[in-house]
Structure formats: structure tokens, C-alpha cells
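> Mind folding the following:
(chains A and B)
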Amino acid sequence: MDTMRDRFIATTSRLLDEDPRIALVLAEISRDGFGRAERAHPHRVINVGIREQLLIGAGAGMALTGMRPIMHTFASFLVERPFEQVKLDLGHQGVGGVLVSAGASYDWPAGGFTHMSPGDVALLDTLDGWTVHVPGHPDEAETLLRRSVTGDDRVYVRLSLQSNRVGRPVQGRGFATVRRGTGGVVIAVGPMLDDVLEATEGLDTTVLYATTVRPFDAAGLRRAVGAHGTADVVIVEPFLAGTSTAVANDALTDLPHRVLGLGVGRSELRRYGQMPEHLMAHGLDPHSLRQRITGFLHL
Amino acid sequence: MTNTTTPPVHGYDELDRLMGLMTGDEKHGPAATSTLDVLWVLYDRVLRVSPATADSPGRDRFLLSKGHGPMAYYAVLAARGFFGEELLSGFGAYDSPLGHHPDRLLVPGVEIGSGSLGHGLPLAVGNVLGLRAQGLPDPRVWVLTGDAELDEGSNHEAIAYAGPAGLEQLNTVVIDNASATYARPGGIAARFEAAGWSALAVDGRDHEALHAAFTAPHPGRPHAVIARVASGR
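Residues are numbered from 1 along each chain as shown, chains lettered A, B, ... in the order given. As a prediction, this is how the structure comes out:
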């Protein structure tokens, strides 16, 4: 199976052929994959070198002239390093663009913390008007990317090497119901779904699947908790634990409720190794998830 | 689409009065007036943009990156008719579109919101790339920065990229009032030339010298004009 990043390269190359409004701005990362696209569209495939502030500023400047820029590099360098550019050059100027990251939270554990960005979505949460897509499979990444380039808004597409075994149809922006139960709601975000399903196997819980976390599907969550008069919700995210706890709380203000946010721990592990070892360290492997979910939901 | 067909609502001689509407007097700080002559010459004789073409894809763009002390900018925009002078007296008030840093979504004719230093030049690079990608080689993009603003790393990124990329449509005017704490060894023009730009340094109060520098040919290269301005007027 190809990775989400492979699919991003193939899909974006086709989108550049199809739509003259689309431009791709790179800062060296993934440049090799875009060789054909760069030769075919030299004025719309821009590599600014290792210059991430310019990556965002130049993309935003293209948007000011009416283009639809896709800006891409590793998450740490796309969202965190040029954060003021993301805030001002896109948001304050009132223009849009599509940020597509790779690397995510634990894709390259042997690379260490410099290449991990568990805080990217939480950081974007300090800004207004961003749509955040977290695909769980390359097929979903392609669908969400194609959707993202059609508008004028600000979109973040967060790609990861972690993937569910099968892609699911992506319809609308709402959460999909994967399993129904009465003993609480577990929301699995993007590539966490397979492990969440394994962790909740045989438990009487509802499992929702989210590939778009901003805007948060408050109505979908409200429907899923049903008419019990109270709500217990677990959110399992592939980024900083608790990132979506506040928006889930907002969705349930009219109900007595509890929310458990699971995800990547705040403290730096300072460990290398492999992705499964990091998932275990963060308590995100199926066994750990089951213990934490059943403990919280009293199942 | 040239300004010679659209005479200004107010002439250069009235800029002091227009600035006085904002500040309440006619004595202005160096930050406000260091840009005045540069802005006037650009809008009066160089930029191909007018209130009628402010949204035209083929217009020249002027990006005020040095967003501090924008009174001269507002005065020139009012003089050129982008908005009425009655707005000037509200400068900085809650109900006024004219803030102490300009906002492109609030002020007609303003291309970017600025204030935080180091954003205009990268955005201008993107403007040029966007125009080129749409087959619009004629519009020119001007960005105004301060000499101390060049300290920002984002500007170093933009300068280092734009030269080798040959962005001929890009023009930068640097207001050099010697405000950088650590002066650039070799001078500001040398910094641009080393990055493959065309660069000229002139007296930032001399309208004819500014006009000559602004219109000097620079085939295949972006162009920088360093406008030396003593503090105060």
C-alpha cells in the first residue's frame, strides 16, 4: 500500500494538471516526488529551498493574486516554525490555502523530537477559521485533499505513516458511526481507528470515526450520546492528548458529561525506536487503550 | 492604466495638512515622515494603480511592509483618492478603518495588513509568483521595508530566493534611516547585490533621484532601491 504522502504527491500532481488555479509551494521536502509536475508546471510548482517562513509567505502572496496554494513540508516546519506567518499571512490577510504536512507525531521515532509535531492541531486551535483533516488511510487523504483545493478557505491536511487497514468513504464533514452501543461514546480520530476498534471489541460502546476534527462535529457527537441525560465521551487522537477536549465539552454544554482525551503525552519521551514502541509509551496501543477506556466508562 | 490619467485629489503640498488631520498637529515623528517622499513619488509617478483599478488583476501592487507610523501612507492614499480625507481624523479610533497599523480588509487600496515586521517581502515574492503563474508579466510588485526590518530572517529568506529565481517584477524600496542596531557590513545595497538583485542607493527626499532609481531597468533581476533618509525632515 502506498503511504498518504505518496498519495498526496500523486494526487497533487494530477490536480496541477487539471486546475490552473492550483499552485504547489515546497521547501525541499518531497521535491523529488514532484519532478514531473515541476517540469510540466514550472510556474506553479515552486520550491523556495529550506525557507519555511517564505514557504508560507509566498504561498499566501500567491493566494492574494487569486491562486489556490498547497504548501507542504513536515508538520514541525509547516505549522510550528512559521506559525506567525500562518497566523498573519493567511488569517490576518483574509486569504486561504491548503497546508499539507507529513511526519505527524511519531512517524519517525528514530529521528527524535525535532521531527515530531504532536502539538500542531492544538496550535492551529488558537486561530479562527481553520478546517483540519486527519485522514486515516491514503484513499481518505486523496478524497480530503481533492475537497480541500476546491474552496478559498484555510485547510490543514495532516498526513501520517500510521494508517488503518482499509479506507472508509468520506462523506461530508461529520463523524461516521462505526459501531453502536449504550455505554459511552469513543471518538477515533484518523489513523487511530483500527486500534480503537480492537480496544473496544466486545464492549457496549458507540465508536465514531472522525477524519475532519475542525470544525468539530458537535451535532454528530450530540446525536451519538443519545437521550440518556448524561454523556461519557472518550476521544482518541494521534496528536497531543486533550486537543479536542474543549470542543467536545462545548458540544455537550447542555448535558452533565465527562470527557477523557487520549493522545500523545505532553512530556518529551527522548526515545528513538519504532512507531509501535511510541504508541505503547503514550498508551495508544490497543491493550492500553482498552484499559483506559474501560476504566473511564466503568465497563 | 497609468496614474498620469488620474490626477490626485490633493497635491504633494497638502500632505502635511492631511497628516495633521491624524496627529492633530503638523509636526510628525520620523517614522511617519521618513516614507513620505518615497510614497508620493511611487503613487504619483510609478505605480500603475488608481482607485478605479484597485481590484484589477493587472494593477501594480504596493505592499507596505513597514506598517508602523502609517500616517504618510494614509495621507498619500487619501491624496490619490483611494478614500476620502474625512476618514483621517478618526485615525486609531474604534470606529475608524485607519489603525496604527494598516489592515487590508479595512482600508481601500491597501494590499496587505502589516505591523509585524518581515511579512511584506515574502508576500510580495508570492504576489510575483502568482502573477507569473497566471500569465501576467506586466504588473509590478513594490514592497516598502525599513533598514532595521531587514534584520528579520524572513526577509533574508525572501532576498536570498528572489535573486536567483530572477523575479524581475519584484521591487523593494528600503527606507534607510540608519535605525538597525547592527549596521550591515558593506551596506544594504551590497546585501541585495550579493543575492543577485539590482540595487541603487539614493537620497530618499530627492524626487527626481527616487524616480530615476525606481524606473531604472533591471532585466532578469529583482530591484532594490535604498532610500537614505535622515531622521526627521
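> Can you give the strand pairings for the lengthiest strand in chain A, parallel or anti for each?
Identified as the longest strand of chain A according to DSSP state E is strand A:231-240. If you go by DSSP bridges, strand A:231-240 pairs up with strand A:185-189 (parallel), strand A:257-264 (parallel).
> Show me what from chain B comes close to chain A.
Within chain B, the residues that sit near chain A (CB under 8 Å from any CB of the partner chain) are B:57, B:103-105, B:111-113, B:116, B:118-119, B:121-134, B:136, B:153-154, B:157-158, B:160-161. Glycine gets a C-beta too; all of them are placed from N, C-alpha and C.
> Any of the residues you listed buried? List them.
Neighbour counting over the residues of chain B next to chain A (16 or more other CB atoms under 10 Å in any protein chain shown) leaves B:103-104, B:111-113, B:116, B:118-119, B:121-134, B:154, B:157-158, B:160-161 as the buried ones.
> Give me the subset of those residues lying in helices.
In helices, defined here by DSSP state H, the members of these are B:121-133, B:154, B:157-158, B:160-161.
> and the residue of chain A nearest chain B?
Residue of chain A nearest chain B, by CB to the nearest CB: A:G61 (1.9 Å).
> you'd agree that residue is up against B:R132?
No: between A:G61 and B:R132 there is no contact under CB atoms under 8 Å: 11.5 Å.
> Do a quick rundown of the strands in the chain.
Going with chain A. Assigned strands in chain A, in chain order: A:22-26, A:45-47, A:68-74, A:97-102, A:130-133, A:154-158, A:176-179, A:185-189, A:206-210, A:212-214, A:231-240, A:257-264 (criterion: DSSP E).
> wrong chain, I was asking about chain B
B:61-64, B:141-146, B:170-176, B:198-203, B:223-228.
> now those in CSV, with mean neighbour count?
Formatted as CSV, those follow (neighbours: other CB atoms under 10 Å in any protein chain shown):
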stretch, mean neighbour count
strand B:61-64, 25
strand B:141-146, 26
strand B:170-176, 27
strand B:198-203, 20
strand B:223-228, 25
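> Distance to A:I70 and mean pLDDT added to those strands, as CSV?
Shown next, in CSV, are the strands of chain B (distance: least, CB to CB, whole Å; pLDDT from 0 to 100):
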stretch, distance to A:I70, mean pLDDT
strand B:61-64, 22, 98
strand B:141-146, 22, 98
strand B:170-176, 22, 97
strand B:198-203, 32, 98
strand B:223-228, 30, 98
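> Dump the ones you listed to JSON lines, plus distance to B:Y74.
Shown next, in JSON lines, are those (distance: least, CB to CB, whole Å):
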{"stretch": "strand B:61-64", "distance to B:Y74": "10"}
{"stretch": "strand B:141-146", "distance to B:Y74": "14"}
{"stretch": "strand B:170-176", "distance to B:Y74": "16"}
{"stretch": "strand B:198-203", "distance to B:Y74": "24"}
{"stretch": "strand B:223-228", "distance to B:Y74": "19"}
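> Please pull out the lowest mean pLDDT helix or strand from chain B.
Across the helices and strands of chain B, mean pLDDT, DSSP states H and E gives its lowest value to helix B:30-33, namely a mean of 66.
> For A:A122, grab the count of nearby residues.
17 (other CB atoms under 10 Å in any protein chain shown).
> any idea how far A:H92 is from B:L106?
Using CB to CB, to the nearest Å, we find A:H92 at a distance of 11 Å from B:L106.
> Those two: which has the busier surroundings?
Each of A:H92 and B:L106 has its neighbours counted (other CB under 10 Å); A:H92 has more, 20 against 12.
> Report how many residues lie close to B:A93.
Counted with other CB under 10 Å, residues neighbouring B:A93 total 10.
> same question, B:S65
27.
> Buried ones in stretch A:178-186, by neighbour count?
Those would be A:V178, A:R179, A:G183, A:G184, A:V185, A:V186, for stretch A:178-186 by 16+ other CB under 10 Å.
> Minimum pLDDT in those residues, which residue is that?
Within the set of the buried residues of stretch A:178-186, pLDDT is lowest for A:G183 (92).
> That one against A:T205, yeah?
Yes: in this structure, A:G183 is within contact of A:T205 by CB under 8 Å, at 5.3 Å.
> and the residue nearest to B:R61 when sequence neighbours are not counted, bridged to which residues?
In space, and not counting its chain neighbours, B:R61 is closest to B:V141: 4.6 Å by CB to CB, 6 or more residues apart in numbering or on different chains. On the basis of DSSP bridges, B:V141 is bridged to B:R61, B:L170.
> mind listing what B:V141 touches?
B:V141 makes contact with B:D60, B:R61, B:L63, B:A124, B:N127, B:V128, B:L131, B:Q169, B:L170, B:N171, according to CB atoms under 8 Å, 6 or more residues apart in numbering or on different chains.
> Neighbours of the closest residue to B:A227 other than its chain neighbours, how many?
For B:A227, ignoring the flanking residues on the chain, the nearest one in space by CB to CB, 6+ apart is B:G204 at 3.1 Å. When neighbours are counted by other CB under 10 Å, B:G204 registers 26.
> What distance do you get for B:G204 to chain A?
B:G204 sits 26 Å away from chain A, going by CB to the nearest CB, to the nearest Å.
> roughly how far apart are that residue and B:I175?
According to CB to CB, B:G204 and B:I175 sit 6 Å apart.
> ends of stretch A:203-218, how far apart?
Length of stretch A:203-218, first residue to last, CA to CA, to the nearest Å: 24 Å.
> If you count neighbours, what's buried in it?
Across stretch A:203-218, burial judged by 16+ other CB under 10 Å covers A:203, A:205-214, A:216-218.
> repeat for stretch A:10-30
By 16+ other CB under 10 Å, the buried positions in stretch A:10-30 come out as A:11-13, A:15-16, A:22-27, A:29-30.
> contacting residues for the residue in chain B positioned nearest to chain A?
Here chain B gets closest to chain A at one residue, B:G126, 1.9 Å apart by CB to the nearest CB. By CB under 8 Å, 6+ apart, the contact list for B:G126 reads A:G57, A:A58, A:G59, A:A60, A:G61, A:M62, A:A63, A:L64, A:T65, A:P69.
> Which residue comes closest to the residue nearest the centre of chain A once chain neighbours are left out?
Nearest to the mean C-alpha position of chain A, by CA atoms, centre = their mean, lies A:V134 at 2.8 Å. In this structure, A:V134 finds its nearest non-sequential neighbour in A:G190, 3.5 Å apart by CB to CB, 6+ apart.
> Tell me who's in contact with that neighbour.
A:G190 sits next to A:V134, A:P135, A:G136, A:R158, A:S160, A:A210, A:T211, A:P238 when contact means CB under 8 Å, 6+ apart.
> how about a cut-off of 6 Å?
A:G190 sits next to A:V134, A:P135, A:G136, A:T211, A:P238 when contact means CB atoms under 6 Å, 6 or more residues apart in numbering or on different chains.
> re earlier: would you check which pair of the buried residues of stretch A:178-186 lies furthest apart?
A:V178 and A:G183 (15.3 Å; CB to CB).
> List the residues that contact A:T200.
A:V186, A:V207.
> ok, and what's touching stretch B:197-217?
By CB under 6 Å, 6+ apart, stretch B:197-217 touches B:37-38, B:41, B:45-46, B:163, B:189, B:192-193, B:218, B:221-229.
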